[in-house]
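Asker: Quick one: sequence and predicted model below, then my questions.
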Amino acid sequence: MDTRLDYPQVIKQVLLDYANYYTQGGVKVKTLFDEAQQSYLLLSMGWSGDKYIHHAPIHLELIADKIWIQADDTEEGVATDLLEAGVPKEQIVLGFKPPEIRPYTEFAAT
């Protein structure tokens, strides 16, 4: 892990920023931080008209000192926010991509 950055704190701030930005109407956006398992989630839930929403647009985990993006339904990509926060590309894994594709991304494969 890059000792200059506190990855759990960076992840939490990124998710809190998303939560503050995306909360709208009857759909609430919550952050869920599981420190013991180093798993961090953004959760949308509530009613949008007559449709019930329960969706996790972002799921990040710390695995082997790298930030694994397990789910990312954002427009720009949460990896962009992590890079802007100073996380090096080689410390980010696109876990939602098939393992055979990851070596061809600009990020870490594992």
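Answerer: Great, that's in hand. Numbering: from 1, shown residues only.
Asker: For the chain, which segments count as strands?
Answerer: 27-34, 39-48, 51-63, 66-72, 92-93 (DSSP state E).
Asker: export the ones you listed to a markdown table and tack on distance to residue 85 and mean pLDDT?
Answerer: C-betas here are computed from N, CA, C, even on glycine. A markdown table is the format used below for the strands of the chain (distance: least, C-beta to C-beta, whole Å; pLDDT from 0 to 100):
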| stretch | distance to residue 85 | mean pLDDT |
| --- | --- | --- |
| strand 27-34 | 16 | 94 |
| strand 39-48 | 13 | 94 |
| strand 51-63 | 12 | 96 |
| strand 66-72 | 10 | 98 |
| strand 92-93 | 11 | 98 |
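Asker: How about residue 110: what's its closest non-neighbour residue?
Answerer: residue 93 (6.4 Å; C-beta to C-beta, 6 or more residues apart in numbering).
Asker: Same check on residue 57?
Answerer: residue 73 (4.0 Å).
Asker: and if you look at residue 41?
Answerer: Per C-beta to C-beta, 6+ apart, closest to residue 41 is residue 32, 4.2 Å.
Asker: residues near the one you found, how many?
Answerer: 12 (other C-beta atoms under 10 Å).
Asker: Please give the number of neighbouring residues around residue 94.
Answerer: 19.
Asker: close enough to count as contact, it and residue 105?
Answerer: Yes. Residue 94 is within contact range of residue 105, at 5.6 Å (criterion: C-beta atoms under 8 Å).
Asker: before we move on, the earlier item: could you pull up the residues touching the residue nearest to residue 110?
Answerer: Residues in contact with residue 93 (C-beta atoms under 8 Å, 6 or more residues apart in numbering) are 63, 66, 67, 68, 69, 102, 107, 108, 109, 110.
Asker: Provide a list of residues in contact with the second one.
Answerer: Contacts for residue 66 (C-beta under 8 Å, 6+ apart) come out as 91, 92, 93, 108, 110.
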